[in-house]
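Novice: Sequence and predicted structure below; questions after.
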Amino acid sequence: MCAADISDGSERGEYVPQKYLFNALGRPSRAVNLMYEYHPNDKNWPETGFIENKLYKRNRRTNGYFPYMGIETAGTACEPFKSMRDIRRFGQDVILTMTFDLDTPDEHLVQIAKDLRPFGSIIFRINHECNGHWFTYNKENTYREVSGFFIRFHKILKTHAPNVRTNACLNGVHPGGSDVTYHMGEKELAPAFRIADVISYDSYHSLHWGWPHDGYDPAASNFSSAVSDVKKMGKMTCKQWWELFFDFNELMLRVNRGNQKEIYLGEVNTDADIVGPAAQAEWVKEFYNDVKKKKLSYLKGITYYQFRDRGGLGLEYEIDEERTKGRPNPSLNAYREAVKDPYFSPVLEEKGLVEWPAVLEWESSTCAIGVMFSFIIPSGASKCLLVFPLEANLIVKAGSMWFHKDAGCAELDISAAAEPGVLNKVFVFAPPVTGENTYDPDNPRYLDVYKYNLTRNPDIILK
């Protein structure tokens, strides 16, 4: 009903491989958001990044996201494509957030579109939070020019990568904490939001948006300072947040002349730097429960921002000295439990008996055909292994748990989910083994559906 998405990596944290996320969250996300930028006209672009004061940086002009490298390297053996392959191998879609210079030439945009074609059902957040004033494209251009670039790129994508859905994103207004306005006039941003495939809304219940530059010390304040006592912070009640969200949707209905588009929460959280780790975990429980109770048919996905963070937004805190390791926060368990709810989980429909070999099809994380088999484990068995073809890349749901079987490894241990003496149902799906869709040489294009032939049920080994 409403997808559980998550953001992985930004100027505030390194990208974490999906094997770790999959195990930490106990399930695949519907989609994983990546943060990149493209500034081809900058001197020395793309220079090597570095960490300064906990933030990823290159030079003063850029926005601090990871550099999109595809054009300069003339291929997809670089970032963000390595991360996109990783995401899709684990049965998830990609949300790609990118900021652009508005004078990026058409030939570059065409190349970007072609390079995205093999990666399935991407949601592309182009110049997100475009009503704000903090990104390069807003500082140097008018809102009308921002809208014009979005429309230009949207049309290029529809020609060269029709699998990609464009996402126009607004930043929410924080009561008393921001001077942002929506800039939704016909000569400003409205045309972009009218042509976009989907719309997203970035809004935090609380956010230390000046982090880390204002020297705020959450340990010293014990999270008891009034928001007004600390610079560059915003905070609102849940009631205020929902009132602003409904105002946003009413605005979108007017802009789109009564047409209700899909709405996504592109970034949402409450900042542990402001409320503290325990209160953040409580907010996770309450917010996802609130979404479930409201049952808004147009709210199709929530991107929790983010998995690992050097500040107060992560389910894990990134350890500065190591960067490759994280320390779980209380919000991690709260999030794991919240997104287990069927409202945020994929729907599995049983349709008919399998004829071997079975053709497993993968279009997206919400549209796939797999197989289900069931068996009873005798009492006394403590270990249950499934043996699949060695080359298969699979995600498997057994009981309430999800597992990933990588290509090159035949055995999958589902002992943690197997129950002796009862009927165990196992669902098997096959995302692209390389993370990319298949190229059809007879009809030169990338196919929208990846297919894998499974010749038989797995062997079951009990110990």
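Specialist: Cool, the structure landed.
Novice: Quick check: closest non-adjacent residue to Glu391.
Specialist: Ala407 (5.4 Å; C-beta to C-beta, 6 or more residues apart in numbering). Where you see a C-beta, it was placed from the backbone N, CA and C, and this is true even at glycine.
Novice: quick one: secondary structure of that neighbour?
Specialist: Here Ala407 is coil, with the state taken from DSSP: H, G, I helix; E, B strand; the rest coil.
Novice: May I have the residues that are in contact with it?
Specialist: Neighbour list for Ala407: 390-393, 433 [criterion: C-beta atoms under 8 Å, 6 or more residues apart in numbering].
Novice: let's go with 10 Å and repeat that
Specialist: 89, 388-394, 433-434 (C-beta atoms under 10 Å, 6 or more residues apart in numbering).
Novice: Next, work out how far apart it and Val291 are.
Specialist: Ala407 is 36 Å from Val291, where distance means C-beta to C-beta, to the nearest Å.
Novice: Surely Asp448 touches Pro162?
Specialist: Yes. Applying C-beta atoms under 10 Å as the test, Asp448 and Pro162 come out as touching, 8.8 Å apart.
Novice: More neighbours: these two, which one.
Specialist: Asp448 (16 against 12; other C-beta atoms under 10 Å).
Novice: For that one, list the residues it contacts.
Specialist: 117, 120-121, 162-163, 362-364, 367, 437-438 are the contacts of Asp448 under C-beta under 10 Å, 6+ apart.
Novice: Serialize those residues to a markdown table and add fields for distance to Arg308 and pLDDT.
Specialist: Compiled in a markdown table, the contacts of Asp448 are given as follows (distance: C-beta to C-beta, whole Å; pLDDT from 0 to 100):
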| residue | distance to Arg308 | pLDDT |
| --- | --- | --- |
| Arg117 | 30 | 93 |
| Gly120 | 25 | 95 |
| Ser121 | 25 | 95 |
| Pro162 | 33 | 94 |
| Asn163 | 29 | 94 |
| Trp362 | 27 | 96 |
| Glu363 | 29 | 95 |
| Ser364 | 25 | 96 |
| Cys367 | 29 | 95 |
| Asn437 | 29 | 93 |
| Thr438 | 32 | 87 |
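Novice: Just the buried residues out of those residues, in PyMOL syntax.
Specialist: The buried subset of those, as determined by 16 or more other C-beta atoms under 10 Å, is captured in PyMOL by this line:
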select buried, resi 117+120+121+163+362+363+364+437+438
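Novice: Just the ones in strands from the contacts of Asp448, please.
Specialist: 362-364, 367 (DSSP state E).
Novice: What is the nearest of the residues you listed to Ala272?
Specialist: The closest of those to Ala272 turns out to be Ser364 (C-beta to C-beta; 32.6 Å).
Novice: Next up, the contacts around that closest one.
Specialist: Ser364 sits in contact with 30-31, 88, 91-93, 120-122, 163, 431, 448-449, where contact means C-beta under 10 Å, 6+ apart.
Novice: and Ala279, helix, strand or coil?
Specialist: helix.
Novice: Could you check the pLDDT of it?
Specialist: On the pLDDT scale, Ala279 is placed at 96.
Novice: ok, now which ones touch it?
Specialist: By C-beta under 10 Å, 6+ apart, the residues touching Ala279 are 206, 223, 270, 272, 330-331.
Novice: what about 6 Å?
Specialist: By C-beta atoms under 6 Å, 6 or more residues apart in numbering, the contact set of Ala279 is empty.
Novice: returning to what we had before: out of the contacts of Ala407, which sit inside helices?
Specialist: Arg89 (DSSP state H).
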